[in-house]
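Novice: Okay, sequence plus prediction incoming.
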Amino acid sequence: MAAEQVLPAPKPLNQAPWFAPVRNIVILLVLWEVAGRFHLVADGALPSLTAIVERFWADRADYPAHVWSTLVSSALGFAIGNIVAVAAGILFVLSPLAARLFRGFNVTIFAVPTIAIAPILALTMTGISPRVTLAAMGCYFVTMTATVVGLTQIDLRSADLVRAYGGGKWDVMRFVQLRSALPIILAGLQVAAPNAVLGAILAEFGGGGRWGLGIYLLGSLGRADPPRLWSIGLVATAIAGIAYFIFGLISARVTGASKAVTMTTSLPPAGARTGGQWPSLAVAFGSIAVPLVLWWAFIKLLGVPEMIGKTPWGVIEYLFFLPLSQQAQTRLLDAMGQTLPITIVGTFAGLAAAFALSVSSRLVPNFTRALMPVALFSQTMPLIATIPLFVLLLGRGWLVTLIITISVTFFPAFITLAQGMKMTPRAALDLPKAYGAGAWTELKLVGIPAALPYLFAAARLTVPRALLGVMIAEWLATGKGLGNLLNQSRGYLDYGMIWTVAAASVVLSVALYQIVVLVERRVLANMGMRGSE
Amino acid sequence: MAGAGGIRLSNVSKAFVARGKTIEALRDVSLTCEPGSFTALLGPSGCGKSTILRLALGLEHADGGRVEIGGQTSEKATASGLTGVAFQDSALLPWRNVEDNISLPLDILKRDRREYSAKIAELIQLVGLKGFEKSLPGELSGGMRQRVAIARSLVTEPGVLFLDEPFGALDQILRRQMNIELQRIWTETRCTALLVTHGIDEAVFLADRVAVMRSRPGRVASMIEIPFSRPRSPDLFSDPVFHKLCDGIAEVLHGG
Ligand SMILES: Nc1ncnc2c1ncn2[C@@H]1O[C@H](COP(=O)(O)OP(=O)(O)O)[C@@H](O)[C@H]1O
Ligand SMILES: [Mg+2]
């Protein structure tokens, strides 16, 4: 009897690892079909799968031109953005000073709510270049960061060996760093691919033109035709998902051949944080100046008329030194007052939910495992294509904004946290249990502290996304806040306001990001940990 | 061969600052290895043996004192291809196969690999890896990887050879074999060799002189001449005089 009790319960037969996810997806699809058939969700806003497929089939002649147009601009942007990103990453690793000077630029590119600059690019550029630019911007930060991480996290002994034969920085780069960074860069490309699609669609949205999934979506928004919106959204998601999948395959192949065989034990060289003799104040100033100078140069180089293209000074003038400045200020502040609270509340709610769920994932591991494929899938959904669907489901009130914000925060945060916590050593998690601690004590002592750095990483990742989500919702649905002000100003050809809203939303986003960074440093330093920023 | 050069460290000091604390790795160390000589560095873990090698190779910079290889600065000597090195860990590039890993120094020094193809084949034979030329490091055992690293250290036909516990990962039998092989190679090439090791017997068997180091701060405590004539046969390992010498060094080493 006793011997029988210690035996593990026999596993059900044919329980392949893919079984549970596939089963969950099938259940989900069936539920979807049923809900759609009987108009169970929001009075038919969620059509049945078959209705969507039927609609897609009826519209099939429309798709090739739109899809092709989006594909071309995303692919071009993907190529350009990633080439620039890898080059920048290499530069930043070779020159710490450049890395510090461009920090402001990098954070700006990362945090910029794409929707805010789509109209600006449409004003200042022609043809498909706005789309290519936004697609490239969507790739830049992800790939640049991946390149820097990949190039810095090398096996230091190999670098020593190259230097021991008189090799310089460039030789180390050539023989060791580039190749060993390849898997991480490829992982970056994998994330960048759906971003490029999202960027291109966003630009189509804000720009106009005839072809492109964004145009198609915009043109279909007015009609009460949920199945068509869903089918466009799903096609966009499929494109992004396929791009994600392809790069996933490539990176899996490369990674297999380059796993290090032993653990490195050498320390990174002391005093790595040097920018030469440059005083840090000058560098900090330069870091703020770089994006502004680039903005200015962008206007000047493109030769945009002063009336349409505003320089940084043009925006300041518009806000402070013109007869109508007072009024402009009021409108801007009002809009910010509407956008900011919901962004913050939504982000907190999304992060809190992700944190609670991932921390307690040891209590309900099955639920977490079931959620993971959904979370990963949601990462490839182009926001712009899904937000109209949210609007269909939830109407045009504040609720839709809040839910969108929560959803754009929750899923990436959950993935970051879940993947991060996988790296917490098992032994550390098991130790409290070995001393008879209950689940709650274990969480308090180990689970939560171990998850904190990842929570902050997730917050940094999601705060700009949340602002983007809120602004798109405002633009498309609620008629409030910065998103709406931007859309209105476009309609009135109020160029000063377009630039002002764009600049204000970038500043807002960067400020929120910086606040997270500061809190992160504070909290983690108090706990004797180091963040990843 | 590039012609054996001497190694000269004069009054070298080196301190590390790690997390606010200063560690004096070396204080006022002087060490001279004549061209063509074989010197072994023995000492407890953390006494600064690797630091001496890293200073000599220009991987670290001394806080005080001078370092010269073949009458040149370390940077010049290494960049001219005078030196060869094998670290304690094989530090192979995981994406290069055995042959390509052995050729890495040639690539760094921008030498034509084809001129060395016979040399590479000979070295692979020497370290007993024939048939594994195209294998990736991940497919080799720890001992095999270490032998690749040793072959790699010899590929440039260095005039000055630095070895940092190169046989640490090998089992006793293989270690003996490699000791004997190393002696043979060294006798043929007559390069200047500096070997860091934990094994007293290995040091005595191979070296002309054994430098015994002490830690905190790291320094050379005594220099012991090894009188045995060359070539030394493997029988030496079981010679009573050999053992007596080893015991004497062990005493110095353990604070006698
Ligand atoms: N990069 C480094 N940063 C901080 N301390 C170091 C570094 N390299 C070596 N040390 C310290 O210097 C001392 C000597 O190290 P090392 O030369 O590696 O010793 P050995 O090779 O004799 O075992 C040790 O106390 C070690 O901790
Ligand atoms: Mg050592």
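Specialist: Great, that's in hand. Quantities reported herein were computed from a predicted structural model and do not represent experimental measurements. Ligands and ions are numbered 1, 2, ... in the order given.
Novice: Residue A:338: what's it in contact with?
Specialist: A:474, A:480, A:481, A:482 (C-beta atoms under 8 Å, 6 or more residues apart in numbering or on different chains). (C-beta placed from N, C-alpha, C; glycine too.)
Novice: Out of those residues, grab the one that's most surrounded.
Specialist: residue A:482 (29 neighbours; other C-beta atoms under 10 Å in any protein chain shown).
Novice: From residue A:523, how far out is that one?
Specialist: In this view, residue A:482 and residue A:523 are 29 Å apart by C-beta to C-beta, to the nearest Å.
Novice: and the contacts of residue A:338, which of them are in helices?
Specialist: A:481, A:482 (DSSP state H).
Novice: near ligand 1 at all, stretch B:159-172?
Specialist: No. Taking C-beta under 6 Å from any ligand atom as the criterion, stretch B:159-172 and ligand 1 are apart, separated by no less than 7.2 Å.
Novice: how long is that stretch end to end?
Specialist: 28 Å (C-alpha to C-alpha, to the nearest Å).
Novice: how about that stretch: buried residues?
Specialist: In terms of neighbour count (16 or more other C-beta atoms under 10 Å in any protein chain shown), stretch B:159-172 has its buried residues at B:159, B:160, B:161, B:162, B:163, B:164, B:165, B:166, B:167, B:169, B:170.
Novice: any idea which of those residues is least confident?
Specialist: The lowest pLDDT within the buried residues of stretch B:159-172 belongs to residue B:169, with 73.
Novice: Let me know the next secondary structure element after the one helix or strand residue B:185 maps to.
Specialist: In this assignment (DSSP states H and E), residue B:185 forms part of helix B:172-189. Where DSSP H and E defines the elements, the next helix or strand beyond helix B:172-189 is strand B:192-196.
Novice: name the helices or strands packed onto the following helix or strand past that following strand?
Specialist: Per DSSP H and E, strand B:192-196 leads on to helix B:200-206 as the next helix or strand towards the C-terminus. Here helix B:200-206 touches strand B:38-42, helix B:172-189, strand B:192-196, helix B:240-253, going by 3 or more C-beta pairs under 8 Å, 6 or more residues apart in numbering or on different chains; DSSP states H and E.
Novice: got the buried residues for the longest one?
Specialist: Residues of helix B:172-189 classed as buried: B:174, B:175, B:176, B:177, B:178, B:179, B:180, B:182, B:183, B:185, B:186, B:189 (neighbour count, 16+ other C-beta under 10 Å).
Novice: contacting residues around it?
Specialist: Around helix B:172-189, the neighbours that count as contacts under C-beta under 8 Å, 6+ apart are B:1, B:38, B:126-127, B:143, B:147, B:150, B:154, B:157, B:161, B:163, B:166-167, B:170, B:193, B:199, B:202, B:205-206, B:230-232, B:234, B:237.
Novice: okay, now residue 110: neighbour count?
Specialist: The chain I'm using is chain A. With other C-beta under 10 Å as criterion, residue A:110 counts 19.
Novice: that's the other chain; I wanted chain B
Specialist: Count around residue B:110 with other C-beta under 10 Å applied: 9.
Novice: any idea which element residue B:58 lies in?
Specialist: Using DSSP H and E, no helix or strand contains residue B:58.
Novice: which residue packs closest to residue A:496, ignoring adjacent ones?
Specialist: Leaving aside its sequence neighbours, residue A:496 sits nearest to residue A:318 (C-beta to C-beta, 6 or more residues apart in numbering or on different chains; 3.7 Å).
Novice: What are the buried residues along the helix or strand containing that neighbour?
Specialist: Under the criterion of DSSP H and E, residue A:318 resides in helix A:312-320. Applying a neighbour-count criterion of 16+ other C-beta under 10 Å, the buried positions in helix A:312-320 are A:314, A:315, A:318, A:319.
Novice: Among the residues you listed, give me the pair with the biggest separation.
Specialist: A:314 and A:319 (9.8 Å; C-beta to C-beta).
Novice: residues in contact with residue 85?
Specialist: This is for chain A. Taking C-beta under 8 Å, 6+ apart as the contact definition, residue A:85 lies against A:139, A:140, A:141, A:142, A:143, A:144, A:147, A:188, A:192.
Novice: nope, chain B
Specialist: By C-beta under 8 Å, 6+ apart, the residues touching residue B:85 are A:161, A:164, A:165, B:53, B:57, B:153, B:161, B:162, B:163, B:164.
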